[in-house]
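1. Using only what follows, build the 3D model:
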Amino acid sequence: MFGLRSRSASVDAPVTHNAQSLADLRTGHTAVLAVPEVDARLCRRLAQLGLRPGMSVTVGQSTAGGGRVIRSGGTRYAIDAATLRQMYVS
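-> Numbering: from 1, shown residues only. A predicted model of the protein is given here:
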């Protein structure tokens with residue numbers, strides 16, 4: 001897929017543990033998505049939803065269970081806490 005691959009499939013890209021994840025951002029903060037550190041199946045699903053590296057997203061309110069609503073353009077996505085911790089921003 002265009003610019004999207006799972007971290008496990010990437011041999012040459014080092015894992016950067018000092019990068020900030022979507023879970024670390026405050027409500028109202030806007031950031032650009034980086035390549036997520038998720039398995040290939042979830043990576044594909046995020047791409048199907050339209051969440052791709054390089055897109056700008058704004059963090060919205062918290063959801064039950066620690067998730068967040070994120071916005072990009074006119075679209076809102078409810079993302080669970082575990083997935084947010086694996087989605088990095090630049």
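2. Not counting sequence-adjacent ones, nearest residue to Ala23?
-> Nearest-residue entry for Ala23: Leu84, 3.9 Å, with adjacent residues in sequence omitted and distances by CB to CB, 6 or more residues apart in numbering. Yep, even glycine has a C-beta here, placed from its N, CA and C like the rest.
3. And the longest strand along the chain, how far out from the chain middle?
-> Using DSSP state E, we find that the single longest strand of the chain is strand 56-62. Between the centre of strand 56-62 and the centre of its chain there are 11 Å (CA atoms, centre = their mean, to the nearest Å).
4. So which bits of it are buried?
-> Val57, Thr58, Val59 (16 or more other CB atoms under 10 Å).
5. which residues sit in contact with Ser72?
-> If you count contacts by CB atoms under 8 Å, 6 or more residues apart in numbering, Ser72 has them with Gly50, Leu51, Met55, Ser56, Val57, Thr58.
6. which of those residues lies closest to Ala40?
-> Leu51 (15.0 Å; CB to CB).
7. That closest one and Tyr77 touch, don't they?
-> Yes - counting by CB atoms under 8 Å, Leu51 does reach Tyr77; the two are 6.5 Å apart.
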